[in-house]
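Engineer: Need the 3D shape of this:
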Amino acid sequence: MEKSCSLLIYFDKGTPALANEIKEALEGNDVPAKIDAMKKAIMLLLNGETLPQLFITIVRYVLPSEDHTVQKLLLLYLEIIEKTDAKGRVLPEMILICQNLRNNLQHPNEYIRGVTLRFLCRLSEVEIIEPLIPSVLANLEHRHSFIRRNAILAVMSIYKLPQGEQLLADAPEMIEKALSTEQDQSAKRNAFLMLFTCSQERAINYLLTHVDRVPDWGDLLQMVVLELIRKVCRTNKGEKGKYIKIIISLLNAPSAAVIYECASTLVSLSSAPTAIRAAANTYSQLLLSQSDNNVKLIVLDRLNELKSSHREIMVDMIMDVLRALSSPNLDIRRKTLDIVLELITPRNINEVVLTLKKEVVKTQSGELEKNGEYRQMLIQAIHSCAIKFPEVASTVVHLLMDFLGDSNVASAMDVAVFVREIIETNPKLRVSIITRLLDTFYQIRAARVCCCALWIIGEYCLSLSEVESGISTIKQCLGDLPFYTVLEDGEAADSSKKSQQVNSTTVSSRRPAILADGTYATQSAASETAFSPPTVVQGSLTSGNLRSLLLTGDFFLGAVVACTLTKLVLRLEEVQSLKAEVNKTSTQALLIMVSMLQLGQSSYLPHPIDSDSYDRIVLCMRLLCNTGDEIRKIWLQSCRESFVNMLSDKQLRETEEIKAKAQVSHAQPDDLIDFYHLKSRKGMSQLELEDEVQDDLKRATGEFIKDGDDANKLNRILQLTGFSDPVYAEAYVTVHHYDIVLDVTVINRTKETLQNLCLELATMGDLKLVERPQNYTLAPLSSKQIKANIKVSSTETGVIFGNIVYETSNVLERTVVVLNDIHIDIMDYISPAVCSDAAFRTMWAEFEWENKVAVNTVLKEEKDFLEHIIKSTNMKCLTAPSALEGECGFLAANLYAKSVFGEDALVNLSIEKQIDGKLSGYIRIRSKTQGIALSLGDKITLKQKGGS
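Structural biologist: The predicted model follows:
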């Protein structure tokens, strides 16, 4: 068996010391050499060496030394050497050190006394400790606090030994007496801890006797008091009220650690509104007063937990929580915004939005490098606010539209999506938004943002002046036609080359991109990056943003321009009475489209126009030449209707998710319910009364009921050995996020006593055994429960394997029973999560590990197969149900999950129904780490057959 170790010291294996060298140094008179030799000896002992020959040398030459460092190292040496023989008896040579320890306990130097008392805390051999007890007790009354506090700890550790109560029968009484007269805060804390550990009743009596002075005690003692209160209240819930009063009195303590513990204890013990409000106030104070980012993140986690269970109280704290946005750390800001967005009500929405607007304006200063990312978070937060409460949209939409030309493309895209949704949901703002959009359109430098803005212009320019202004803006941003001219020597050149230069680095940069349905498309990097304004020469127009993007080869944008112009011309026909004006505008639109096609088929650009964009532009040209009523209806009405349906579908899904979260467990029909109106209120404070009421409400709504499914528990019991084996073993596996607990039941099925029975385990994957189980003796036909803890460090399918080894009295050899392997299921570590389409696509492009699994199933329907994969992998389908409706023989869907370690798992399912009715296709899994991609792939391969 491995020995227990109370020391952990770094050891450089590259320079091992020799025992003879150490011995020589110890025998010399050079103190620094002696110190070095002692350190080397301790290192070797900690790494498994025995060095038996050194003990006598140390007794002869080190014990008499007066040097404090040597004496400290001697105690460390004595702490780690083996003090007992194979039968557990103390070695006779240990008697030699007893006299030295007694001398140290009576030494005139306080440091020597103190470190010796600390050493006794780690001794468990009664034969060595017993002669030293009078000296230890004498130190309880020493004048120096350093000695008193260590003497108290020594008394506590001796009393906790198996024979401790015989050695120190009146220890609690002595410590209580010392506590009443002690002035040193650290010694008081140790004394109170001793009573709390060894004689809880005395600790409670002392606390209740001095209850008025608790706020004046030191923070060390107050922390132990809180620990005692937690323990007492769990075992005796009836007396909770008086202890909660003590906690509330400690909320004004000067120590941040104490008030944090007070708030945590209040939340764990009580659901009374007064107590929860006090805890929330405390957390808010800590959030503002503490400068450490880790502390802020921990406090935000606690506030998030309060938000889930006590939303009504947290709503009042929303402005205090918002102050955490003053921190420059993005993680803190993100968590703060997540909490705040779920606490918005009609009463506080205006204040919240005003604060967010101020923060957006601050990001324009450009002092911090991550301002763009923070601005994006703020825009998304304002978007959420405006969707929930449309009346605030008018106050923010114009401010945000200034950021359509933001250098951070993601931030600008969020603004465009926000504007698109607001203009539909708030018809009153349509005119002002369109006017502002047309005024600021030339500032937009990103292709994706241009596409969204052009769609808005095409759909929402309704009056004659708006339509004309829209067409004029697009023409202005495209610049003069044609886009290029052929020179006499046959070389192509941009017709406005004098006025603007195209950034050549973005022209040829092309890469595959993942579309919303999971399929690939090629796009130029121009659509992903922000563009610097073109170089202006000879006072030409600066508003050629569409032109510069088209000249990089972005013909998808060209197709969007063509569609927008088509919609505007069709609408112009409805609002313009002069036919000649309509024809003139239509001709100009056709000329623009022809110029784009000409550019796409020229040798001026390294890549020709893609066929999709070509077909789209040609369709627009045909439409303008020959328009029918049906086509007009599709272009001017159906597009908008589809967008409205998309918004309503999104809102419906969000409402359903909120309803699902709001569902609470219900009590059983035969559960008892207390009627608190009939309870005696005599002697109860308002807080105690509130606490009683809350406990009764929890019982009535079933919150105290543990949702343990017995059938599910049985599924987690794994048989480790066969029924015919001499030892039968089965394990109950419990997964607690970062660790796994194996509760192994071992049954001796023979009629012999099994000696030195040991459960030997080993792991494969990112699993680590915390401790090695001990040896046991098992009587005939008896059983034993053995617990084993295993730490998990990543989301990966791990395997635990091992043996049971034992001896019997009539067989000299050890018997080995090999156990079945225990496979740790990845499903215990991943849970469904939600992310935006844009975030999904960004992660899909970034993650380097991909696992491609071919579809092989007996299921015949695409949707059934999708449902089966979602259920098997415990993932969330990000693709909207409306996008999966209908029968077309194809299905593409994105699934997403997050592990407890914060890892993202992305799955794209693309399947097709063959002529023979079978499904074919691929499931692609992407993740940042290899383990989760491989493990999910194995899980899908195993489960995809269907039925199981």
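
Engineer: Give the burial count for residue 636, as a bare number.
Structural biologist: By the other Cβ atoms under 10 Å criterion, the neighbourhood of residue 636 contains 16 residues. Backbone N, C-alpha and C define where each C-beta goes, glycine included.

Engineer: next one: residue 715
Structural biologist: 9.

Engineer: Might you report the residue contacts of it?
Structural biologist: By Cβ atoms under 8 Å, 6 or more residues apart in numbering, residue 715 lies in contact with nothing.

Engineer: now what about stretch 562-581, what contacts it?
Structural biologist: 454-455, 457-459, 461-464, 467-468, 470-471, 474, 582, 585-586, 589, 592-593, 596, 616-617, 620-621, 623-624, 627, 632, 635-636, 639.

Engineer: Could I get the buried residue list for it?
Structural biologist: Going by neighbour count (16 or more other Cβ atoms under 10 Å), the buried part of stretch 562-581 is 562-573, 576.

Engineer: and what of stretch 226-242?
Structural biologist: In terms of neighbour count (16+ other Cβ under 10 Å), stretch 226-242 has its buried residues at 226, 228-230, 232-233, 240-241.

Engineer: what about the spatially closest residue to residue 309 that is not a sequence neighbour, how many residues close to it?
Structural biologist: Excluding its sequence neighbours, the residue lying closest to residue 309 (Cβ to Cβ, 6 or more residues apart in numbering) is residue 271, at 7.9 Å. Residues near residue 271, counting by other Cβ under 10 Å, number 18.

Engineer: what's the answer for the one 5 residues further on, then?
Structural biologist: Other residues near residue 276 number 22, with proximity taken as other Cβ under 10 Å.

Engineer: likewise residue 624?
Structural biologist: Neighbour count of residue 624, defined by other Cβ under 10 Å: 19.

Engineer: Could I get the contacting residues of it?
Structural biologist: So residue 624 contacts 566, 569, 586, 589-590 (Cβ under 8 Å, 6+ apart).

Engineer: Let me know the pLDDT of it.
Structural biologist: pLDDT recorded at residue 624 is 85.

Engineer: thinking again about what came up before, out of the contacts of stretch 562-581, which end up buried?
Structural biologist: 454-455, 457-459, 461, 467-468, 470-471, 474, 582, 585-586, 589, 592-593, 596, 616-617, 620-621, 623-624, 627, 635-636.

Engineer: so where's the stretch 251-400 of the chain uncertain?
Structural biologist: Within the stretch 251-400 of the chain, the segments meeting pLDDT under 70 span 366-369.

Engineer: Could I get the full set of helices for it?
Structural biologist: Ranges of helices in the stretch 251-400 of the chain, per DSSP state H, counting those that start in this stretch, are 256-269, 273-289, 293-309, 311-315, 318-322, 330-341, 349-362, 371-388, 393-401.

Engineer: Tabulate the ones you listed (a markdown table), appending distance to residue 160.
Structural biologist: Listed next are the helices of the stretch 251-400 of the chain as a markdown table, based on distance: least, Cβ to Cβ, whole Å:
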| stretch | distance to residue 160 |
| --- | --- |
| helix 256-269 | 24 |
| helix 273-289 | 34 |
| helix 293-309 | 32 |
| helix 311-315 | 42 |
| helix 318-322 | 44 |
| helix 330-341 | 42 |
| helix 349-362 | 54 |
| helix 371-388 | 52 |
| helix 393-401 | 63 |
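
Engineer: Which one, of these, ends up nearest to residue 784?
Structural biologist: helix 256-269 (33.9 Å; Cβ to Cβ).

Engineer: Point out the other helices and strands that that closest one packs with.
Structural biologist: helix 219-235, helix 240-250, helix 273-289, helix 293-309 (3 or more Cβ pairs under 8 Å, 6 or more residues apart in numbering; DSSP states H and E).

Engineer: Next, the angle from it to helix 219-235.
Structural biologist: Here the directions of helix 256-269 and helix 219-235 differ by 10 degrees (axes from the mean of the first three to the mean of the last three Cα atoms, to 10 degrees).

Engineer: still on that earlier bit, out of the buried residues of stretch 226-242, flag the one nearest to residue 733.
Structural biologist: Nearest member of these to residue 733, counting by Cβ to Cβ, is residue 230, at 29.1 Å.

Engineer: Next, the contact list for the closest one, please.
Structural biologist: The neighbours of residue 230, taking Cβ under 8 Å, 6+ apart as the test, are 265, 268-269.

Engineer: Tell me the spacing between it and residue 271.
Structural biologist: With distances taken as Cβ to Cβ, to the nearest Å, residue 230 is found 16 Å from residue 271.

Engineer: and if you look at residue 322?
Structural biologist: In terms of Cβ to Cβ, residue 322 sits 25 Å off from residue 271.
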